[in-house]
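Enquirer: Compute the structure for the input listed below.
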Amino acid sequence: MTLQTFLVEDSPTILSSLVPTLEELGDARVVSVAGREGDAVAWLNSNGGDWDLAVVDLFLQEGSGLGVLRACQNRQAHQRVVVLTNYATEEIRRRCLALGANVVFDKSTELDELFDYCATLNASGIHSREQ
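Expert: Next up, the predicted model:
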């Protein structure tokens, strides 16, 4: 089984490398992508429990990943939210965790940790539904 993954990222360059790498190394299946806070929140609201992992950037084309984190606060127990940002300062990490992120990774230095996290989630058997 694979992690049903929702990406909130507005950079086509990052998406073009992140999607295939997540699918290969993290055993994830990217089910949707949004580059704006409003689009991400709308997708989350209409897809309830049909995702296992949301990977959220903080700086988006419109809005902020912080608003996406707020929209994830009432998620189901099996769902995980990861922040992937170039601005993983201690203050940003604290703020994201306070808004309900499970973990924060730095895009420039912690991609391997993100992929390991995905593999660990997958091995633990958390999934939105039988696939």
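Enquirer: going forward, measure contacts and count neighbours with C-alpha atoms only.
Expert: OK.
Enquirer: For this structure, which residue occupies the most central location?
Expert: Closest to where the C-alpha atoms of the chain average out (Cα atoms, centre = their mean) is residue 55, at 1.1 Å.
Enquirer: How far does the helix or strand harbouring it sit from its chain's centre?
Expert: According to DSSP states H and E, residue 55 maps onto strand 53-56. Taking the mean of its C-alpha atoms, strand 53-56 sits 1 Å from the chain's own mean (Cα atoms, centre = their mean, to the nearest Å).
Enquirer: Just the CA trace of the helix or strand that it is followed by, in PDB.
Expert: Downstream of strand 53-56, the first helix or strand assigned by DSSP H and E is helix 65-71. Output in PDB follows, covering the C-alpha atoms of helix 65-71 (Å, rounded to 0.1, in the frame of the first residue of the first chain):
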ATOM      1  CA  GLY A  65       0.900  27.200   4.400                       C
ATOM      2  CA  LEU A  66       0.000  28.300   7.900                       C
ATOM      3  CA  GLY A  67      -3.600  28.600   6.800                       C
ATOM      4  CA  VAL A  68      -3.400  25.100   5.300                       C
ATOM      5  CA  LEU A  69      -2.100  23.800   8.700                       C
ATOM      6  CA  ARG A  70      -5.100  25.400  10.400                       C
ATOM      7  CA  ALA A  71      -7.400  23.600   7.900                       C
END
